[in-house]
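Trainee: What follows is a predicted structure for the sequence shown.
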Amino acid sequence: MSRAVVLRASGLRKVFGGRVVACADIDFELAAGEVVGIVGESGSGKSTLLRCLAGLAAPDAGTVEIAIDGGERVDLWQLDEVARAQALRSALGLVHQNPRDGLKLGISAGGNVAEPLMVSGIRHYGRLREVALDWLERVEVPRRRIDDLPSTFSGGMQQRLQIARSLAPGPRILLLDEPTGGLDVSVQARLLDLLRSLVRELGVAALIVTHDLGVARLLADRLLVMLRGRVIEAGLADQVLDDPQAPYTQKLVASMLRI
């Protein structure tokens, strides 16, 4: 049985300064429960693509459709600012590379998880605290740290807290921008195991941007390989990594094998 499409980009284009093409005619779909990886070197356009999908940067052309309540898809960039913000809050979670960009540093760990739940309609303090405690446990942050500020957490713990904050409201779509960037190898491995487990358990559709092909192999079902703003190869993750067709993809895979 085919799975419902929860995100669709069509003809997506973004140009900076009238000359630098960050995204050129990008077309792809993301289905419920699927994990798609976007890989490429720095400057390939993958982060710009993510920003367009996350409502952070308006494309110059094309559409971004996301599934909202009831499964209806809406064109994100045809909505007014208020409706777009509402659609994003209800349907999409975003995990930044730097967790401090996705956390409220002036409120507690529990407050960070509870805040988006309050926006979605939960108001009872006891219930909010109960859900926050549950999510801290799910991302392996000690429950006793619920009242601690994020600034007292390690980088890995901050990233776990950001993941809890993003997933707690129950989004259909999770966007991840280099979620293990800057973390020690051992911390990366534990975080990737956690992400893989949560994504499968919740059935959320996930899109992960990474330059690390090891991360892509571990998490992604399908891969899009980007070069100078274009998708130059796409397919099942194992197929792309084990039998790359494009010379650029071959170079990326070869560089991973040399590490």
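Mentor: Okay, I see it. The structure displayed is predicted, hence computed values, not measured ones.
Trainee: part of a helix, is Glu29?
Mentor: No: using DSSP: H, G, I helix; E, B strand; the rest coil, the secondary structure at Glu29 is strand, not a helix.
Trainee: Please look at it and Arg3 and confirm they touch.
Mentor: No: counting by CB atoms under 8 Å, Glu29 does not reach Arg3; the two are 10.0 Å apart. C-beta: built from backbone N, CA, C; applies to glycine.
Trainee: who has more neighbours, the two?
Mentor: Glu29 (15 against 12; other CB atoms under 10 Å).
Trainee: Show the pLDDT at Arg258.
Mentor: Note for Arg258: predicted pLDDT of 59.
Trainee: which secondary structure elements does the helix or strand hosting Arg84 contact?
Mentor: If you go by DSSP states H and E, Arg84 is part of helix 81-91. Helix 81-91 sits against strand 61-67, with contacts defined as 3 or more CB pairs under 8 Å, 6 or more residues apart in numbering; DSSP states H and E.
Trainee: Only the buried residues of the strand it packs on, if you could.
Mentor: 62-67 (16 or more other CB atoms under 10 Å).
Trainee: And these, which is closest to Ile232?
Mentor: Gly62 (18.0 Å; CB to CB).
Trainee: Touching, that closest one and Arg13? I think so.
Mentor: Yes: the criterion here is CB under 8 Å, and Gly62 meets it with Arg13 at 5.5 Å.
Trainee: Find residues that contact each of the two.
Mentor: 25-26 (CB atoms under 8 Å, 6 or more residues apart in numbering).
Trainee: and Pro59, what does it touch?
Mentor: 12-14, 23, 52, 77.
Trainee: Please repeat the previous calculation with a cut-off of 10 Å.
Mentor: Neighbouring residues of Pro59 by CB atoms under 10 Å, 6 or more residues apart in numbering: 9, 11-15, 22-23, 26, 48-49, 51-53, 76-77.
Trainee: tell me which element Val15 falls in.
Mentor: strand 5-16.
Trainee: mean confidence for that strand?
Mentor: In the prediction, strand 5-16 has an average pLDDT of 95.
Trainee: buried ones in that strand?
Mentor: Under 16+ other CB under 10 Å, the buried positions of strand 5-16 are 5-9, 12-15.
Trainee: Equivalent analysis for stretch 175-188, please.
Mentor: Result for stretch 175-188 [16+ other CB under 10 Å]: buried residues 175-181, 183, 187-188.
Trainee: Throw those into a markdown table and include secondary structure, thanks.
Mentor: What follows is the buried residues of stretch 175-188, written out as a markdown table (three-state DSSP):
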| residue | secondary structure |
| --- | --- |
| Leu175 | strand |
| Leu176 | strand |
| Asp177 | strand |
| Glu178 | coil |
| Pro179 | coil |
| Thr180 | coil |
| Gly181 | coil |
| Leu183 | coil |
| Val187 | helix |
| Gln188 | helix |
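Trainee: Show me the two of those that sit farthest apart.
Mentor: Maximum pairwise distance among those (CB to CB): 21.2 Å, between Leu175 and Val187.
Trainee: And the buried residues of stretch 175-188, which is closest to Ser90?
Mentor: Leu175 (14.5 Å).
Trainee: From Leu176, how far out is the closest residue to Leu167 other than its chain neighbours?
Mentor: Nearest residue to Leu167, sequence neighbours excluded (CB to CB, 6 or more residues apart in numbering): Gly93, at 5.8 Å. Between Gly93 and Leu176 the distance is 9 Å, computed by CB to CB, to the nearest Å.
Trainee: for Ile26, same thing?
Mentor: 18 Å.
Trainee: same check, this time on Leu223
Mentor: From Leu223 to Leu176 the distance is 14 Å (CB to CB).
Trainee: before we move on, the earlier item: with distance to Leu167 and pLDDT as extra columns, can I get the buried residues of stretch 175-188 in a markdown table?
Mentor: A markdown table is the format used below for the buried residues of stretch 175-188 (distance: CB to CB, whole Å; pLDDT from 0 to 100):
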| residue | distance to Leu167 | pLDDT |
| --- | --- | --- |
| Leu175 | 12 | 96 |
| Leu176 | 11 | 95 |
| Asp177 | 15 | 94 |
| Glu178 | 18 | 91 |
| Pro179 | 12 | 89 |
| Thr180 | 17 | 86 |
| Gly181 | 19 | 82 |
| Leu183 | 19 | 80 |
| Val187 | 19 | 86 |
| Gln188 | 19 | 87 |
